[in-house]
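*Asks:* Pasting the sequence and the predicted model now:
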Amino acid sequence: MGVTTSSIFGIAVCICYLVYTPVHGQSNNDLYIYGFSQGIFNHKSISGEAFPVGRSSGLTVPSFSEGFESNSFSLHQTNLFLTKPINERTSFFLNAELLGSYSSSEQSGDLRLSEGWVSYTFSEQLKIKTGLLLPVFNNLNEINNRLPLFPYIIRPLVYERLWSNLYVQEDYLPQTGYVQLSGITSVSPTFDLEYAVQVGNSEQSYASDVNPRDAGAEGNEATALYRGENLTTLLAYSGRIGLTNKQKTIKLGVSGSFDHDNKNESVNESITRFPRDAEGNSVGLPVYGDVRRFRIGGDFSFHTEHVDFEAEFIRVLHDHSDIRSTPQLQSANLNKFFAYGLVAYNVSEKLFGFGGVNYLQDESYEIILPDSPDAAGAYLITAGGGWHFTDELVLKVQWSESRFRDNEYVTLNSRFVTIGLGVIF
C-alpha cells in the first residue's frame, strides 16, 4: 500500500491551510477546516467449535475447536473536513478519512477521500450535488463516518469499516454516488417530506484494480485509464424518501437501490469463512454472472431530552430468474437481511448509557451447505456508556458479544470490550 502523488498533494494542501488559515473571525468566503479523531483499546475473545459434517449426521468425524484472545490499541478513525462556501447558493465539501492507525510504510490501515463534492441550491425543495458523495440510504449510511454523533464506538455491523473484511459492505449498502438530487418540503404543520436520489458506479469489484502502466495487464484491465475506473456500462441507482417533524426529533423513511452483484468469479466471502473442503480450503460459490440486485431499507429514529432511539433494516433481494434456468441451480438464493436497533439514555448532560442488538443473515451459502452458519443468521448484543468531559472530548466504553443461531456446523462466540476517546477539533 503506497501513498500516491495526489494523496501527498492533498495532505500538503490541508496542512498549509491549517497553518495559514485563521479559524476565528472567518468570512463567508473562508475555508472552514474541522474534524474529529477517535483512538481505541480493544480486548477481543473468540471461541468456537466446528462440526465438519453436521452434529446430527451420526458420523464419527471429529469436531475441532479454537480459542483466541488479543489486546490492541488503534487510532480507530480520523476525519478531516473542509468546507468552502463559494457563493450564497454554491459550496464545496471534502472529507479525508484515515482508518486503523494508517501507515503506508507498515501497510496498515486505510487512507481515502470518502467525499468530495460541490452542491448548488436552487431552493429548499431542490439541491444538486456532484462529485464523490456518500449515498442517502436509510438514515445511517450518509453519516456513518461522523463518529462523534453516536453514543457507540463500534458501529452497527455492516456500517463498521474496520469489520469490512467480515461483512462485505457493498453487499448491503450502496457505497458511492456521483450525482444527487435532494430536497425538503412542508407537507403539514407538523412534518416535512424529504427525498434524495442518486446515481453512481457499480460495486467496486467491477473497477480496475491494476495500474494500466503495469506490465501484464490483460483484457479490460489493459484499457483502463486509471486504477479504480468502472470497467462496465452498469451503474447503481439509489434513493430515500422520508418524513421528519419540524423540530427534527422524529425521522422515518424508506429507501431503495438497484445495481448488479458481480458473480462472474467463484468467491467465498462467508462471514465465518465457512464452508471448507476436507483439506481445509475455502469452497467457492458457483459463477452466476451479473446478477440484478435490489435493496429495500427502512429507518426510524427519535430523540428526546433523555432518550435517543434508532432502528433500521436492510433486505437485499436478487433476481434469480437467469440463475435458476440452470437445472443444477434451482435452489440458488443470494438474498440477505440486516437489522439493528439501539437506545441511548442521557443521564445528564455529561453521562450517558446505551444498549442494542444487531442481526445479520446471508442465505447464499445454502446451495452448497444446507443450514450454513451464514444462512442460520448471526446476532450481536452490545451495551455501554460514556462521559463528555467537554463538548469536544468524550470517553466511551462498549461491550459486544456475537453468536450464531443454533446451527448444524458451527458454534462461535465473540466478545469485545472497547474503550474509545474521541476528540472534535
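*Replies:* Nice, I can see it.
*Asks:* all contacts plus neighbour counts: C-alpha atoms, from now on.
*Replies:* OK.
*Asks:* Now residue 265: phi and psi?
*Replies:* Taking degrees, to the nearest 10, you get phi -130, psi 160 for the backbone angles of residue 265.
*Asks:* which one is it nearest to, not counting chain neighbours?
*Replies:* Sequence neighbours aside, residue 287 is the residue nearest to residue 265 in space, at 5.5 Å (criterion: Cα to Cα, 6 or more residues apart in numbering).
*Asks:* Quick check, residue 202 in contact with residue 229.
*Replies:* No: judged on Cα atoms under 8 Å, residue 202 makes no contact with residue 229 at a distance of 10.4 Å.
*Asks:* Give me the more crowded residue out of those two.
*Replies:* A direct count of neighbours by other Cα atoms under 10 Å for residue 202 and residue 229 places residue 202 higher, at 26 against 17.
*Asks:* distance of the more buried one from residue 130?
*Replies:* Distance from residue 202 to residue 130, counting by Cα to Cα, to the nearest Å: 17 Å.
*Asks:* And for residue 114?
*Replies:* 14 Å.
*Asks:* And for residue 99?
*Replies:* Taking Cα to Cα, one finds residue 99 at 25 Å from residue 130.
*Asks:* what's the answer for residue 193, then?
*Replies:* Residue 193 sits at a distance of 22 Å from residue 130 (criterion: Cα to Cα).
*Asks:* likewise residue 300?
*Replies:* 28 Å.
*Asks:* wait, isn't residue 309 in contact with residue 301?
*Replies:* Yes: using Cα under 8 Å, residue 309 is in contact with residue 301, at 5.3 Å.
*Asks:* So which residues of the stretch 301-425 of the chain form helices?
*Replies:* Ranges of helices within the stretch 301-425 of the chain are 373-376, based on DSSP state H, counting those that start in this stretch.
*Asks:* low-scoring stretches of this protein, by residue?
*Replies:* For the chain, the stretches flagged by pLDDT under 70 are 1-29, 51-65, 164-165, 212-222, 267-284, 366-371, 373.
*Asks:* any idea which residue sits dead centre in it?
*Replies:* Central residue of the chain (Cα atoms, centre = their mean): residue 159, 3.2 Å from the mean position.
*Asks:* secondary structure element for residue 170?
*Replies:* For residue 170, the element it lies in under DSSP states H and E is helix 169-172.
*Asks:* Just the residues contacting that helix, thanks.
*Replies:* Helix 169-172 has contacts (Cα atoms under 8 Å, 6 or more residues apart in numbering) with 158-159, 161, 175, 203-204, 261, 295, 314-316, 336, 338.
*Asks:* name the helices or strands packed onto the helix or strand just after that helix?
*Replies:* Scanning forward in sequence from helix 169-172 by DSSP H and E, the next helix or strand is strand 177-186. Applying 3 or more Cα pairs under 8 Å, 6 or more residues apart in numbering; DSSP states H and E, one finds that strand 177-186 contacts strand 126-133, strand 191-201.
*Asks:* Report the separation between residue 299 and residue 326.
*Replies:* Residue 299 sits 37 Å away from residue 326, going by Cα to Cα.
*Asks:* For these two, indicate the residue with more neighbours.
*Replies:* The neighbour count for residue 299 versus residue 326, taken as other Cα under 10 Å, is higher for residue 299 (22 against 11).
*Asks:* and the more buried one, helix, strand or coil?
*Replies:* The three-state assignment at residue 299 reads strand, by DSSP: H, G, I helix; E, B strand; the rest coil.
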